[in-house]
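In: Need coordinates for the following:
(one chain, ligands or ions: 1)
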Amino acid sequence: MTATSLATHELRKAFGGVTALDGATVEFQHGKVNALIGPNGSGKTTFFNCVTGMIKPDSGVVSYAGKDITGKAPHRIARHGLGRTFQLCRTFPRMTALENVLSAVQPKGLIGGLRGAKRRSEIDRAMSWLTRLGIEHLAGNEARDMSWGQQKLLELAGVLMAEPATVLLDEPAGGVNPALLDRIGVLVRELNAEGRTFVIVEHNMDLVMSISDHIVVFDRGRPIAEGPPSVIKTDERVLGAYLGV
Ligand code: ADP
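Out: I've put the predicted structure just below:
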C-alpha cells in the first residue's frame, strides 16, 4: 500500500460571498505524479495556497505525511518537505541564477554569508541543479535577463535545492515554449523516478495526460472525479464540467 503524502479533509475557504473551496476532501499518494485540474475558478489555486500555508482555510484539515499542518506558516510547512512553485514564477530579478538557487537555502541570498567548505558545497549543489535543469550556462546571468521558461526552471531549481519530498507545481507549462515543455515533462518523470512526489496544477491537457499517474478534477471548489488518465479522459462529468462537451 502506498502512503498518503498530502491530504485534505472537508477544506473550506470563502472570500466574502464567493466559495472557493467547498468541503474539498482530497488524497494524493506518496511517490506519484498527481495532477489537479479543473475549470478556471474551480479552486485549484486556493487549494495550493491553503496546503502551503499562504492562506488559512476557514475550516477543514490539511495533513502531510500523516501530520496535521493546517494553518501553519509557509516556512514551517516547507520544512516538513513540501516545496512549491508559483504560477507567476517567483525569482529575484536582480540576482544571478546561481544566487537565486542559493537563496533557497541561504535566505538572504548572500553566498558571501557562507564560508569555506560549506560555501563550496552549497555552490556545487546549486550548480548541479542548474545543470540538471539545463540552465547552468546562465548561472552568472541576472534572472531578469532570462526567458520566461528559463525563469520557471530557475524557480524549480531553487525549490529542489531545499530537497523537498513533495513538489507542488503551479502551471509549469504556462507560457513555456514547446521544446521546454517536453523538457519539463521528462524532468518531472525523472525526478519522480528518484522518489519525489508531485502535485501539479496544469491546463495543458497533453502534458497532464502524459505525465500523471493520478488526476483529481475540481469543479466549484471540490473534487468531482479522480483516477488515472485513461479513466479521466473518458469521464462524462469531467467532459461536462471541464472540457465543456
Ligand atoms: P482556480 O485556481 O481553479 O482558477 P481559484 O482558487 O483562483 O481557482 O479561485 C476560486 C474562486 O475563488 C474564484 O471564484 C475566485 O474568483 C475566488 N477567489 C480566489 N482568490 C480570491 C481572493 N483573494 N479574493 C476574492 N476571491 C477570490
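
In: Residue numbers of the chain in contact with the ligand?
Out: Selection of the chain residues close to the ligand by Cβ under 6 Å from any ligand atom yields 15, 18, 20, 38, 40-46. No exception for glycine: its C-beta is placed from N, CA and C like everyone else's.

In: Save these as a markdown table, and put in neighbour count, pLDDT and secondary structure too.
Out: Listed next are those as a markdown table, based on neighbours: other Cβ atoms under 10 Å; pLDDT from 0 to 100; DSSP: H, G, I helix; E, B strand; the rest coil:
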| residue | neighbour count | pLDDT | secondary structure |
| --- | --- | --- | --- |
| Phe15 | 10 | 96 | strand |
| Val18 | 10 | 95 | strand |
| Ala20 | 24 | 97 | strand |
| Gly38 | 24 | 93 | coil |
| Asn40 | 7 | 91 | coil |
| Gly41 | 14 | 93 | coil |
| Ser42 | 24 | 94 | coil |
| Gly43 | 25 | 96 | coil |
| Lys44 | 24 | 95 | helix |
| Thr45 | 19 | 94 | helix |
| Thr46 | 24 | 96 | helix |
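
In: farthest pair in the residues you listed?
Out: Greatest spatial distance among these (Cβ to Cβ): Phe15 and Gly38, at 17.2 Å.

In: what is the rounded mean pLDDT of stretch 96-111?
Out: Mean per-residue pLDDT for stretch 96-111: 74.

In: how many other residues sit next to the residue lying closest to Gly134 once chain neighbours are set aside?
Out: Sequence neighbours aside, Arg183 is the residue nearest to Gly134 in space, at 6.5 Å (criterion: Cβ to Cβ, 6 or more residues apart in numbering). For Arg183, the tally of surrounding residues (other Cβ atoms under 10 Å) stands at 16.

In: Over to Asp68?
Out: Count around Asp68 with other Cβ under 10 Å applied: 11.
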